[in-house]
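In: Give me a 3D structure for the following:
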Amino acid sequence: MAVGCALPLRGSSRGLGCVVFRQQKWKSSVSTKAKMPPCNFVPEKYKSHSYERMQKIREQNISPSLRTFYKKPLLLHQGHMQWLFDYEGRRYLDLFAGIVTVGVGHCHPKVTMATQKQLARLWHTSSIYMHPSIQEYAEKLTSLFPDPLKVVYLTNSGSEANDLAMFMARLYTRNFDIISFRGAYHGGSPYTLGLTSVGLYKHGVANGFGCLTGVNGAVQYPRGFLKEAYQLVRERQGVCISDEVQTGFGRTGSHFWGFQTHGVVPDIVTLAKGIGNGFPMAAVVTTKEIASSLAQNLHINTFGGNPLACTVGAAVLDAIEEDGLQKNSEDVGTYMLLELAKLRDKFKIVGDVRGKGLMIGVEMVTDKDHRHPLPAEEVGQILEDCKDMGVLIGRGGLYSQTFRFKPPMCITKKDVDFAVEVFDTALQRHMERAAAKQT
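Out: A predicted model of the protein is given here:
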């Protein structure tokens, strides 16, 4: 059987104000002294529809499956590096990076400039012709991989890349079965849903890799696990697929790719998210032998590898190197991990703090003895409090009990100090609410 392994490591500060509690207005006595770090960027004035009009359009014209965070969803207007600005000009420290996508920073000047130049030159031709961008980018990207991973197929999204990786593996091995991990997320397309085992994404119909799972809350592998797993897969004539959609491009700090931290070389690697800093692009990198299995018949992607996408991808790689973002991920990520670990010792509801580089999960529990997941509505209120104080955090895990700290890689230690103090305050407010509920 073919077995796949992926590498899962997949405004101004504002007070909380009043919330309704037991039919009475309740105001927290816990205030924050956290001071948002300065930012010399001034956003443009918002000129589009009112918030209410935007909300109405969303209800009428956008699929209800596209859910939003927060009781009152944010209406964001502009971004600059690690900062986001809403329609009223409030500034937020972005610790979720567009779901672990904005690696080098929102509207990074170098990436923006390269994109603008290419926009004026050539947008699209498709791969039936050659253009400079695709060859230049393919050479630059594959130079970052060990042999024999030197062939790239460019696509548009992580789900599409994982679809193609599975298809390649099945063509090459002529076997069908694929193994993924409990708690893994590898995409929402009909094909990749078969690999995804987070209940929130399952729809109750039949659907037909490994790293620390990003959506499951940065759960790391035990030491030596991947080496043995790869060996078992290959002994059975399988191929190993590493899903680097969230872990790639220096985010883990010590290495450029997550699989390198485990001393293994996969047969196929899938990339997305940080590859384009928010531009819709993705890739599958593999060996020449495996890639050749796809060439038996015609297989074309209309938009994959178009001039604009390749220009963006190349500029992102340049920004990571020139700004020292892999090293920053290691240094600032380690600092953030240690600072958050202090809260694990301070609060009984912080069950675990784990991760690597700027990919950190903080698991919330009812208490450390039983380790039951903190109820989703309580996790949601902590998320709301952090947002109201100017910090945006993600959430994940099998029960949505894990906070995901995965910011743009340009974040600073001063930003971390501010974020941790805000998170600390939000946890204190939660404990105060819980105590009030018991009285």
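
In: C-alpha only now, for contacts and for neighbours.
Out: Will do.

In: could you measure the residue nearest the centre of the chain against Ile57, distance?
Out: What sits nearest the mean C-alpha location of the chain, by C-alpha atoms, centre = their mean, is Val100, with 2.3 Å. Using C-alpha to C-alpha, to the nearest Å, Val100 is found at 27 Å from Ile57.

In: my read: Arg395 touches Ile382, true?
Out: No - look at Arg395 against Ile382 with C-alpha atoms under 8 Å: they stay out of range, at 10.8 Å.

In: quick revisit: am I right that the residue nearest to the centre of the chain is in contact with Lys273?
Out: Yes - using C-alpha under 8 Å, Val100 is in contact with Lys273, at 6.8 Å.

In: Residues that sit against both of those two, list them.
Out: Counting by C-alpha atoms under 8 Å, 6 or more residues apart in numbering, the common neighbours of Val100 and Lys273 are Gln246.

In: tell me the domain boundaries of the protein?
Out: 69-104+324-438, 109-322 (automatic domain parsing).

In: now do the same end-to-end measure for the longest one.
Out: Put plainly, it is domain 109-322. From its first residue to its last, domain 109-322 covers 12 Å (C-alpha to C-alpha).

In: Mean confidence (pLDDT) on it, please.
Out: On average, the pLDDT along domain 109-322 is 90.

In: Please compute how far that domain lies from its chain's middle.
Out: Chain-centre distance of domain 109-322: 14 Å, with C-alpha atoms, centre = their mean, to the nearest Å.

In: Could you do the first one as well?
Out: A distance of 13 Å separates the centroid of the chain from that of domain 69-104+324-438, by C-alpha atoms, centre = their mean.

In: let's number from 43 now, not from 1
Out: Let's use 43 as the start, then, which means that last one is domain 111-146+366-480.

In: I'd like to know how far Lys159 sits from Thr353.
Out: Distance, Lys159 to Thr353, by C-alpha to C-alpha: 9 Å.

In: of the two, who's got more company?
Out: Per other C-alpha atoms under 10 Å, whichever of Lys159 and Thr353 has more neighbours is Thr353, with 24 against 12.

In: Phi, psi for that one please.
Out: phi -60, psi -40 (degrees, to the nearest 10).

In: OK, contacts around it?
Out: Shown in contact with Thr353 (C-alpha under 8 Å, 6+ apart): Ala156, Thr157, Gln160, Ser175, Tyr179.

In: got these as TSV, with distance to Phe111 columns?
Out: Shown next, in TSV, are those (distance: C-alpha to C-alpha, whole Å):
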residue	distance to Phe111
Ala156	32
Thr157	30
Gln160	34
Ser175	37
Tyr179	35
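
In: Which among the residues you listed count as buried?
Out: The neighbour count (16 or more other C-alpha atoms under 10 Å) marks Ala156, Thr157, Gln160, Ser175, Tyr179 as buried among the contacts of Thr353.

In: circling back: can you say which of the domains of the chain is nearest to Glu86?
Out: domain 111-146+366-480 (7.7 Å; C-alpha to C-alpha).

In: ranges for the helices of the protein?
Out: With helices called from DSSP state H, the chain shows them at 93-103, 139-142, 151-161, 174-184, 200-215, 267-277, 330-335, 349-364, 367-388, 418-430, 455-480.

In: Indicate which one of the ones you listed is closest to Met323.
Out: Of those, nearest to Met323 by C-alpha to C-alpha is helix 349-364, at 6.5 Å.
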